[in-house]
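Asks: Fold the following, please.
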Amino acid sequence: MNRKELLKGVKRVVIKVGTSTLTTQEGKLNEEKIKLIVKSVSELAEKGLDVVLVTSGAVGAGMGELNLNERPKSLSEKQALASVGQVALMHLYRLLFWAYSKTIAQLLLTRGDFSDRNRYISARNVCNALLAKKIIPIINENDPVVNDELKVGDNDTLSALVAGLIDAELVIILSDIDGLYDKNPSKFKDAKFINLVENIDENVLKAAGGEGSKFGTGGMRTKITAAQMATKIGSNLIIASGADPRNIVKIIEGERIGTLFLKSGKKISSRKYWLGYGTSKKGVLFIDEGALNALKNGKSLLSVGIKSVSGKFERGDVVEVRNAQNELVAKGISNYASDELARIAGQKSEDIERILGHRYDESAVHIDNMILI
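Replies: This is a model prediction of the structure:
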């Protein structure tokens, strides 16, 4: 099946442009390339598509504004650069989109906006309202105020989270590489380009290596993680070169550009997507092999399968579920607080009321409130 068929019916697109695409080697904004990005996004909007632009470049723009050639080391200095650069970046976007009679809006998000269900729904409603009015949302992480706990981490991951937020059918990640190779093309001359990925397996993960540019934060591994996320929610994802921003339009027209990661045949609900990737965990439940097999067979997690509990959390908080090898296998909403689960771990469901004096549910985490990772 050709690209045009595979991407048929795309109405909502998330386009992520990285720092290496938006800035020069010296870290200043590459205005000529940004003009082409804006032109391409505007063309998609003219075709009737809903487009959300996830943009990096705030720190790079700040470096250019302050004539710096190296990223600072301290967090506060990076945040100060981001606050300076964000103004310059959005001012440029506004002027350029105005030339194409397009109105833009800015959303600065943090991990907290995704992990808190009410804020998540609010952000979703705002995006839908903007798109309904044919306004182009421009999204970036709120770098000047985030810390490690609140940080999404990189804009590749952010683009996949936004895809779930707006139910996008396609995510386009523009990078400083033209797609995925079976090994690092800068080190191996015999590296082969991978045009289509139908399933992200261990071989694909091994092929994803290398660091990002000196101005960016993401490498190929973060893009593969984004692809793992987006394809589960029903979005195709393409990694393509940002050297020529016209690739944006060419991709929509069905040209064979970049690496296409096909959406999963079994789409998960937006609620479970939020649960799996948007939330921040408050604790960890370690389970035995029998419980793991039960989860894989679509069963809820019972207290009898819990070996130990880590962290302090309340009933209704999100917890990670890990196996004996400390590998993450699921995330879900706990029916019990951490101190309660510690008391009933390894015990049968019929004994919960005798031990605690009450029983909220026979399961520790119900399968409807859980997603396998």
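Asks: Now stretch 323-342: buried residues?
Replies: 323, 329-338, 340-341 (16 or more other Cβ atoms under 10 Å). Every residue, glycine included, has its C-beta placed from N, CA and C.
Asks: and if you look at stretch 258-272?
Replies: 258-264, 268, 270, 272.
Asks: got the end-to-end distance for it?
Replies: 29 Å (Cα to Cα, to the nearest Å).
Asks: Now for Ala226, which secondary structure element holds it?
Replies: helix 220-232 (DSSP states H and E).
Asks: For Lys183, give its distance to Gly258.
Replies: Plainly put, Lys183 is 18 Å away from Gly258 if you go by Cβ to Cβ, to the nearest Å.
Asks: Adding secondary structure and pLDDT, write the buried residues of stretch 258-272 out as TSV.
Replies: Output for the buried residues of stretch 258-272, formatted as TSV (DSSP: H, G, I helix; E, B strand; the rest coil; pLDDT from 0 to 100):
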residue	secondary structure	pLDDT
Gly258	coil	93
Thr259	strand	93
Leu260	strand	95
Phe261	strand	94
Leu262	coil	92
Lys263	coil	88
Ser264	coil	80
Ile268	coil	77
Ser270	helix	76
Lys272	helix	79
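Asks: can I assume Ile138 sits in a strand?
Replies: Yes. The assignment for Ile138 by DSSP: H, G, I helix; E, B strand; the rest coil puts it in a strand.
Asks: pLDDT at it, what is it?
Replies: Note on Ile138: pLDDT of 96.
Asks: so where's this structure uncertain?
Replies: Scanning the chain with the threshold set as pLDDT under 70 gives 1, 27, 143-153, 209-218.
Asks: I'd guess Ala240 is in a strand, am I close?
Replies: Yes. Counting by three-state DSSP, Ala240 falls inside a strand.
Asks: and it, how many neighbours?
Replies: Residues lying near Ala240 (other Cβ atoms under 10 Å) number 23.
Asks: Which phi and psi values does the closest residue to it other than its chain neighbours adopt?
Replies: Spatial nearest neighbour of Ala240, chain neighbours left out: Gly258 (2.9 Å); criterion: Cβ to Cβ, 6 or more residues apart in numbering. With angles defined as degrees, to the nearest 10, Gly258 sits at phi 70, psi -170.
Asks: now do the one 10 residues further on
Replies: Torsion angles at Ile268 (phi, psi; degrees, to the nearest 10) stand at phi -90, psi 160.
Asks: So it sits against Ile233, correct?
Replies: Yes. In this structure, Ile268 is within contact of Ile233 by Cβ atoms under 8 Å, at 6.4 Å.
Asks: list the helices and strands the helix or strand containing Ile121 packs on?
Replies: Ile121 belongs to helix 117-132 when assigned by DSSP H and E. Here helix 117-132 touches strand 50-55, strand 104-109, helix 111-115, strand 136-141, helix 155-166, going by 3 or more Cβ pairs under 8 Å, 6 or more residues apart in numbering; DSSP states H and E.
Asks: buried sites along the third one?
Replies: What it means is helix 111-115. Neighbour counts over helix 111-115 (16+ other Cβ under 10 Å) mark 111-115 as buried.
Asks: Out of these, the closest to Trp98 would be?
Replies: Nearest to Trp98 among those, counting by Cβ to Cβ, is Asp113 at 27.4 Å.
Asks: could you list every residue that touches that closest one?
Replies: 119-120, 123 (Cβ atoms under 8 Å, 6 or more residues apart in numbering).
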